[in-house]
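1. dropping the sequence and predicted coords here.
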Amino acid sequence: MIDRLQALQLIPVVALERAADAEPLADALCAGGLPCAEITLRTEAALDSLRALAGREEFLLGAGTVHSAEQAAAAVDAGAQFVVTPGFNPRTVMWCQENQVPVFPGIATPTDLELALEYGVETVKFFPAETLGGVNTLKAFSGPYGQMRFIPTGGIHAGNLVDYLTLPSVLACGGSWMVKAGDWSETTRLTTEAMKLMN
């Protein structure tokens with residue numbers, strides 16, 4: 001999972017209002033060269049959207065905005081291959097570890113990072129990245145927490161993506177700017193541009 005995410009470098013973070021949009025979304029992202037999405041559990045359509053995409057073997061499918069072990073279990077049952085949380089919830093992390101599900105909990109401070117290390121987690125989501133100082137904060141973290149890998153999310157866009165990805169501590173970035181729900185040709189165009197930026 002870590003290797004696949006590092007190869008992709010970018011995780012589209014998506015809140016779908018309609019499960020019917022899941023397949024067109026995946027088609028558009030794949031057409032742009034990015035067979036991956038983090039479907040956030042912010043809408044009633046989230047679990048059905050995960051189920052709709054679960055059969056795509058080539059598509060890396062995650063669940064985001066997971067607040068509890070129960071939500072993690074429901075998301076994995078629906079087809080999620082990895083779990084992303086906005087903050088560090090020990091119970092959610094423990095459930096994922098006990099069930100061999102990759103989990104990337106959100107962190108914002110050194111205290112959060114200490115908690116991550118206590119639970120044996122070495123890849124975390126840095127959220128909200130830009131609000132918390134972005135690249136400069138990650139550089140500061142790299143000294144005392146050199147073993148940690150980060151997935152910065154929140155305020156990432158085409159204009160600052162490369163700044164983040166040039167940091168050795170950054171595994172991949174999460175972003176939503178390339179997804180234009182309902183305008184799938186535009187989604188493909190923006191995804192293609194993002195892939196060109198990274199390459």
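-> Happy to help now that I have it.

2. quick one: buried residues of the helix or strand hosting R189?
-> Here R189 sits within helix 184-198, counting by DSSP states H and E. When burial is assessed from 16 or more other C-beta atoms under 10 Å, helix 184-198 yields the following buried residues: 184, 187-191, 194-195. Using the backbone N, CA and C atoms, a C-beta is placed for each residue, glycine as well.

3. just give me the closest of those residues to A140.
-> A194 (26.5 Å; C-beta to C-beta).

4. now do the SS call for the nearest residue to D21 once chain neighbours are set aside.
-> Spatial nearest neighbour of D21, excluding adjacent residues (C-beta to C-beta, 6 or more residues apart in numbering): A181 at 5.9 Å. When classified by DSSP: H, G, I helix; E, B strand; the rest coil, A181 comes out as coil.

5. hmm, back to that, could you give the average pLDDT over the helix holding R189?
-> If you average the pLDDT over helix 184-198, you get 97.

6. and for stretch 82-100?
-> Regarding stretch 82-100, the rounded mean pLDDT is 98.

7. stretch 149-161 now?
-> Mean per-residue pLDDT for stretch 149-161: 98.

8. quick one: distance of that stretch to the chain centre.
-> 10 Å (C-alpha atoms, centre = their mean, to the nearest Å).
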